[in-house]
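Student: just the structure for this:
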Amino acid sequence: MRVVCVSDLHIAGPGCPRQAAFLTFLTELSCDRLCLVGDVFQHWWHWGARPFDQYLPVVEALARFQLTVLPGNHDFRAPAFFAALGAEVPGPDGVVRTRWDGCDVVLAHGDQADRNLRYRLACGVLRGRAFSALVDRMEADTAWAFLGRLTGHGEVRPDPRLIELQRAWALDQAGEIVIFGHTHAPLVTRIGARTLVNIGDGVSHHTYVEFDSSSLGGVQLREFASPLQDRA
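Tutor: Presented below is the predicted three-dimensional model:
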């Protein structure tokens, strides 16, 4: 079984070189399952069955894969859209617990570990009914511009404090492999019988993760053949 996991690509429309490179990657990719582990999209929104036109080429390219889709802090609405297309999605805690070839795997975006009050308040506002009602009333072009200004460009400096909190959170999960992102800090480390994996990002590290039950390492960090460059 071969599974590929990506996160924190922060693709932002046809003018974004990361989006173009990701589309090339998808065209060439062959795997049994593709996992979108949050913040793949810089500012996802959808109205019923209609996402932003700027993301439609990516949605169409993803349609041929068996998908697992998790919410990031930038694309928290994406799982609901992809669930309607048959994707595996998490429950209310934002965590997917599954098995790959007999191996217990936990998948999460990784922001579950961040208990910073300011961050929690911001998430509460952005995911709340009032904000959703505001964006839902907008025309698509207006919403695209508004959310683009609000979310910035996806650059994140790895935060050592949060990385340690993620590590503690991951060690508390009941899985042989725990895979997450969010901090843009690629890592594969084995602690006892547990393998902790931070996917990294497509903004500066250009990394993704591959699980291959037929390989010796099982889980490995890979680099995109065509780096998902920072914005032009």
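
Student: surely Val203 forms part of a helix?
Tutor: No. Under the criterion used here (DSSP: H, G, I helix; E, B strand; the rest coil), Val203 is coil, not part of a helix.

Student: what does the pLDDT read for it?
Tutor: Val203 carries a pLDDT score of 93 in this model.

Student: got the contact list for the closest residue in space to it that isn't next to it in sequence?
Tutor: Among residues not flanking Val203 along the chain, Gly154 sits closest, at 5.1 Å (Cβ to Cβ, 6 or more residues apart in numbering). Bear in mind the C-beta positions are built from the backbone N, C-alpha and C, glycine included. For Gly154, the contacting residues are 8, 10, 12, 39, 42, 74, 201, 203, taking Cβ atoms under 8 Å, 6 or more residues apart in numbering as the criterion.

Student: for Gly154, what are phi and psi?
Tutor: Per-residue torsions, Gly154: phi 90, psi 0 (degrees, to the nearest 10).

Student: please tell me how far it sits from Asp136.
Tutor: Spatial separation of Gly154 from Asp136 under the definition Cβ to Cβ, to the nearest Å is 24 Å.

Student: residue nearest the middle of the protein, spatially speaking?
Tutor: Taking Cα atoms, centre = their mean as the criterion, Gly38 is the residue nearest the geometric centre of the chain, at 2.1 Å.

Student: contact partners for it?
Tutor: Contacts for Gly38 were tallied using Cβ under 8 Å, 6+ apart; they are 7-8, 70-75, 109-111, 181-182.

Student: in stretch 58-67, which of the residues would be classed as buried?
Tutor: Buried residues in stretch 58-67, counting neighbours by 16 or more other Cβ atoms under 10 Å, are found at 58-59, 61-62, 65, 67.

Student: and stretch 27-46, by the same measure?
Tutor: Within stretch 27-46, the residues that qualify as buried are 29, 31, 33-46, counting by 16+ other Cβ under 10 Å.

Student: determine which two of these are furthest apart.
Tutor: Cys31 and Trp45 (27.4 Å; Cβ to Cβ).

Student: who does the strand or helix carrying Arg167 touch, helix- and strand-wise?
Tutor: Assigned by DSSP states H and E, Arg167 falls within helix 160-171. Based on contacts counted as 3 or more Cβ pairs under 8 Å, 6 or more residues apart in numbering; DSSP states H and E, the elements that helix 160-171 packs against are strand 177-180, strand 194-198.

Student: run the chain-centre distance for that helix.
Tutor: Its chain's C-alpha centre lies 18 Å from the corresponding centre of helix 160-171 when counted by Cα atoms, centre = their mean, to the nearest Å.

Student: and if you look at stretch 125-143?
Tutor: 21 Å.

Student: would you mark the buried spots in that stretch?
Tutor: Counting neighbours by 16+ other Cβ under 10 Å, one finds that the buried residues in stretch 125-143 are 126, 135, 143.

Student: the last one: what secondary structure?
Tutor: When the structure is split into helix, strand and coil by three-state DSSP, Ala143 lands in helix.

Student: do the one 4 residues further on as well
Tutor: For Leu147, the secondary-structure state derived from three-state DSSP is helix.

Student: could you tell me how far stretch 96-113 lies from the centre of the chain?
Tutor: Taking Cα atoms, centre = their mean, the mean C-alpha location of stretch 96-113 is offset from the chain mean by 13 Å.
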